[in-house]
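Student: Curious how this folds, go ahead:
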Amino acid sequence: MTSPRSEGDRVPASVLTGFLGSGKTTLLNHLLRRPELGTAAVIVNEIGAVGIDNLLVEEVAEDVVLLESGCLCCTLRSDLLQTIERLFERRASGAIPRFDRLLIETSGLADPAAVLQTFMAEPGVVAQSRLDGVIVTVDAVHGEAQLAARREAIKQVALADRLLLTKTDLASAPAQVALRARVRALNPRAPLRPALHGMVEPAALFDAGLYDPATRTARVAAWLRSPPHDHAHDPASAIRTFCLTIAEPVALAAVMGWLETLTAFHGAEILRLKGIIHVAGEDRPLVVHGVHHLFHPPAWLPAWPPGGRETRLVFIAENLAATDVAAGAVPALRIPSSAVRR
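Tutor: From the prediction side, this is the model:
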């Protein structure tokens, strides 16, 4: 993990994903017609040789780049990286307007973790952009069946920062209640709202990230607000959410070393990790954000959010229990077991 770095004037990047047919492109077209998104650059990914959806997007936006090489998975990270770098090169040279937001629409079978890793591990991308959040569309008609049958759909929902329920005009009220409960079981923290025909206010979707200097203290407080206990997700999934709380300040080198070891051994199981750390000798908290074995460069918050000065790490994990994580923290951080709460 790299050392903490200061914030700069970086372009916020949002990832728009959701299972096949859940209304991602409908949402994107609606957003791009809004004046708030008038200076956004868009990257679209579709499976197959021809990206049909891109024809719709091009009607309302010129700065659209189409990735035709398939699902945005780890094998395509270099493709995505090159596309982002080209966009910023053209922006710097004046070949395209100076966009102030980046939107990436993935295919319906994409693993959003691969996209998040690009914004955490690639120095050129990190220097010019900051991850704003993951927006996920969920089909009110077919979402229940998709979550029951497809791991991709489960992972998309679990990793979301914003959740949108689409096609609510076509689904019965009882079906929507059941689906909301299922989605809430997978992701108890992300705001969930309807988006009929893709219509949703941009303000409800953006500025969700931890690295916006103007709002990050409030954002950290928001995702730490839910109950900090081990939350077992529905029986159909091995994904779970839990919060590890450490009462005592910890040495920076010790906690960084522990996180590196933890992700080296359990990176595949840690879908996402977000948290604040009370570093010994520091009056402000350190924000960390990781996906699998990669971490975004840590950043200092200007002040502590409400709730006390203690380390709080929120895990979204698969086949990994809070007890196992806590057991490893005690010797690595040289703290008593009583200092750790799950």
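Student: need the helix or strand of the chain with the lowest average pLDDT.
Tutor: Least confident element among the helices and strands of the chain, by mean pLDDT, DSSP states H and E: strand 231-232 (a mean of 45).
Student: Please identify the pairing partners of whichever helix or strand comes after it and their relative orientation?
Tutor: Later in the chain than strand 231-232, the nearest helix or strand by DSSP states H and E is strand 239-246. Under the criterion DSSP bridges, strand 239-246 sits next to strand 231-232 (antiparallel), strand 311-318 (antiparallel), strand 340-341 (antiparallel) in its sheet.
Student: Turn these into CSV, including distance to residue 158.
Tutor: C-beta: built from backbone N, CA, C; applies to glycine. Below are those laid out as CSV (distance: least, CB to CB, whole Å):
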stretch, distance to residue 158
strand 231-232, 11
strand 311-318, 5
strand 340-341, 23
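Student: what residue ranges in the stretch 51-200 of the chain are flagged as low confidence?
Tutor: 51-78 (pLDDT under 70).
Student: Show me the one of the strands paired with strand 239-246 that comes nearest residue 14.
Tutor: Nearest to residue 14 among these is strand 311-318; the distance by CB to CB comes to 18.4 Å.
Student: Residues in contact with that closest one: which ones?
Tutor: 158-159, 187, 189, 223-224, 228, 238-246, 249-250, 255, 266, 269-278, 288, 322, 325 (CB atoms under 8 Å, 6 or more residues apart in numbering).
Student: Can you point out the buried residues in stretch 334-342?
Tutor: Neighbour-count burial for stretch 334-342 flags 335, 339-340 (criterion: 16 or more other CB atoms under 10 Å).
Student: so residue 158 touches residue 271, yeah?
Tutor: Yes - look at residue 158 against residue 271 with CB atoms under 8 Å: they come within range, at 6.1 Å.
Student: joint contacts of these two?
Tutor: With CB under 8 Å, 6+ apart as the test, residue 158 and residue 271 both reach 239, 316.
Student: coming back round to it: nearest to residue 82, out of the strands paired with strand 239-246?
Tutor: Of all the strands paired with strand 239-246, strand 311-318 comes closest under CB to CB, at 28.9 Å.
Student: And the helix or strand encompassing residue 179, what does it pack against?
Tutor: Assessed by DSSP H and E, residue 179 sits inside helix 173-186. Contact here means 3 or more CB pairs under 8 Å, 6 or more residues apart in numbering; DSSP states H and E; on that basis helix 173-186 packs against helix 143-149, helix 151-158, strand 162-166, strand 192-194.
Student: need those in JSON lines with mean neighbour count and distance to residue 305, can you?
Tutor: Shown next, in JSON lines, are these (neighbours: other CB atoms under 10 Å; distance: least, CB to CB, whole Å):
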{"stretch": "helix 143-149", "mean neighbour count": "18", "distance to residue 305": "32"}
{"stretch": "helix 151-158", "mean neighbour count": "24", "distance to residue 305": "23"}
{"stretch": "strand 162-166", "mean neighbour count": "24", "distance to residue 305": "20"}
{"stretch": "strand 192-194", "mean neighbour count": "15", "distance to residue 305": "22"}
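Student: Tell me which of those sits nearest to residue 94.
Tutor: The nearest among the helices and strands packed on helix 173-186, by CB to CB, is strand 162-166 at 32.8 Å.
Student: Give the pairing partners of that closest one; include direction for each.
Tutor: Per DSSP bridges, strand 162-166 is paired in its sheet with strand 129-139 (parallel), strand 192-194 (parallel).
Student: starting at the chain centroid, how far to the longest one?
Tutor: In terms of CA atoms, centre = their mean, to the nearest Å, the centre of strand 129-139 is found 6 Å from the chain centre.
Student: quick one, that strand and helix 173-186 angle?
Tutor: Angle of strand 129-139 versus helix 173-186, following axes from the mean of the first three to the mean of the last three CA atoms, to 10 degrees, is 150 degrees.
Student: What degree of burial does the residue nearest to residue 269 when sequence neighbours are not counted show, as a neighbour count?
Tutor: Sequence neighbours aside, residue 320 is the residue nearest to residue 269 in space, at 4.0 Å (criterion: CB to CB, 6 or more residues apart in numbering). By the criterion of other CB atoms under 10 Å, residue 320 has 20 neighbours.
Student: do the same with the one 4 residues further on
Tutor: For residue 324, the tally of surrounding residues (other CB under 10 Å) stands at 13.
Student: before we move on, what SS does it have?
Tutor: helix (DSSP: H, G, I helix; E, B strand; the rest coil).
Student: Please tell me how far it sits from residue 275.
Tutor: 17 Å (CB to CB, to the nearest Å).
Student: now swap in residue 154 and tell me
Tutor: Taking CB to CB, one finds residue 154 at 23 Å from residue 275.
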